[in-house]
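K.L.:
Got a predicted model here, sequence first, then my questions.
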Amino acid sequence: MSVWDISDKYFTSITPIWYTFSIWMLIYIAWISLWLLNAFKIEKVSWHYIALSWAIISILGWIIAWQLEYFFLSLVFDSICLYLLFSTYLYKENKKYFEAVLEIFLWWMLVSWLATLHIFLLAQGWYFSPLFLTIFSLSIWICVTLFYVFYKDTHLQVFVYFWALQWIFTQQESIIIRCIILFNIITVSLALIINKYITKYQIKSIKPFKILKWK
């Protein structure tokens, strides 16, 4: 069975429509091109390239565990991948193209981790409050996204965020969850506008837990 077939078998409140998973093609193409670009350089491959490769390997473990419906093991592989991606993403000297690949990969893995958590709970018979879990998951997701919109001043993670949310929205029957998704999309859109205003008027970048200051 494909990844989508298993997702459909254990359908949850944040399961997106099947063609949402086509973003994996973009991730794999970007990762391969990244390694090809690096292959033409004389310099030694740095640790963050190795970390990204291990993240890809952990995804292969996730796929195998997913096919066998060992969802707890899938969650473990997802968590390892997220740790590797986050630790690499926080490195301040990443090159632009490398960071772009990281952003797409990282934000999609955050989607994957949340979806796997929901499916694991459903498979174990612990999916007692889908509405609460969905609101909780969407809240975590928007907080992390907003943080990095200001912290990193980048927009690719927002592309992944909108890509996943719109297809989750189309699968929803709950009016409450649909309204929350629309609220999240509007909030992140406003954050992008505010961040552009900050940049335009040369306000110092917003850092975690620091107050805005004019240059």
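P.N.:
Everything's here; your move.
K.L.:
hey, let's count contacts and neighbours off CA atoms from now on
P.N.:
Fine.
K.L.:
what helix or strand is the spatially most central residue of the chain on?
P.N.:
Nearest residue to the geometric centre of the chain (Cα atoms, centre = their mean): Trp107, 1.7 Å. Element membership for Trp107 (DSSP states H and E) is helix 96-123.
K.L.:
can you map out the helices along this protein?
P.N.:
With DSSP state H, the ranges of helices along the chain come out as 3-9, 23-39, 47-67, 71-89, 96-123, 130-151, 156-171, 175-200.
K.L.:
Dump the ones you listed into a markdown table; add mean pLDDT and distance to Pro16 as well.
P.N.:
Compiled in a markdown table, the helices of the chain are given as follows (pLDDT from 0 to 100; distance: least, Cα to Cα, whole Å):
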| stretch | mean pLDDT | distance to Pro16 |
| --- | --- | --- |
| helix 3-9 | 79 | 9 |
| helix 23-39 | 79 | 12 |
| helix 47-67 | 85 | 17 |
| helix 71-89 | 90 | 18 |
| helix 96-123 | 87 | 9 |
| helix 130-151 | 86 | 13 |
| helix 156-171 | 86 | 4 |
| helix 175-200 | 87 | 13 |
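K.L.:
Ok, which of those comes nearest Ile17?
P.N.:
Between Ile17 and these, the shortest gap by Cα to Cα is with helix 156-171, which sits at 5.6 Å.
K.L.:
Now do the closest one: which elements does it pack against?
P.N.:
In this structure, helix 156-171 packs against helix 96-123, helix 130-151, helix 175-200, with contacts taken as 3 or more Cα pairs under 8 Å, 6 or more residues apart in numbering; DSSP states H and E.
K.L.:
by contact count, what packs against the shortest one?
P.N.:
Looking back up the chat, that one is helix 130-151. With contacts defined as 3+ Cα pairs under 8 Å, 6+ apart, the secondary structure elements packing on helix 130-151 are helix 96-123, helix 156-171, helix 175-200.
K.L.:
re the thing from before, which one of the helices and strands packed on helix 156-171 is the most hemmed in?
P.N.:
helix 96-123 (a mean of 20; mean count of other Cα atoms under 10 Å).
K.L.:
list the helices and strands that helix packs on?
P.N.:
helix 23-39, helix 71-89, helix 130-151, helix 156-171.
K.L.:
Let's have those in TSV, adding distance to Ile56.
P.N.:
Converted to TSV, these look like this (distance: least, Cα to Cα, whole Å):
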stretch	distance to Ile56
helix 23-39	9
helix 71-89	8
helix 130-151	22
helix 156-171	18
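K.L.:
Of those, flag the one that's most buried.
P.N.:
Between the helices and strands packed on helix 96-123, helix 71-89 has the highest mean count of neighbours, a mean of 20, where neighbours are mean count of other Cα under 10 Å.
K.L.:
what helices or strands is it leaning on?
P.N.:
Taking 3+ Cα pairs under 8 Å, 6+ apart as the contact cut, helix 71-89 packs with helix 47-67, helix 96-123.
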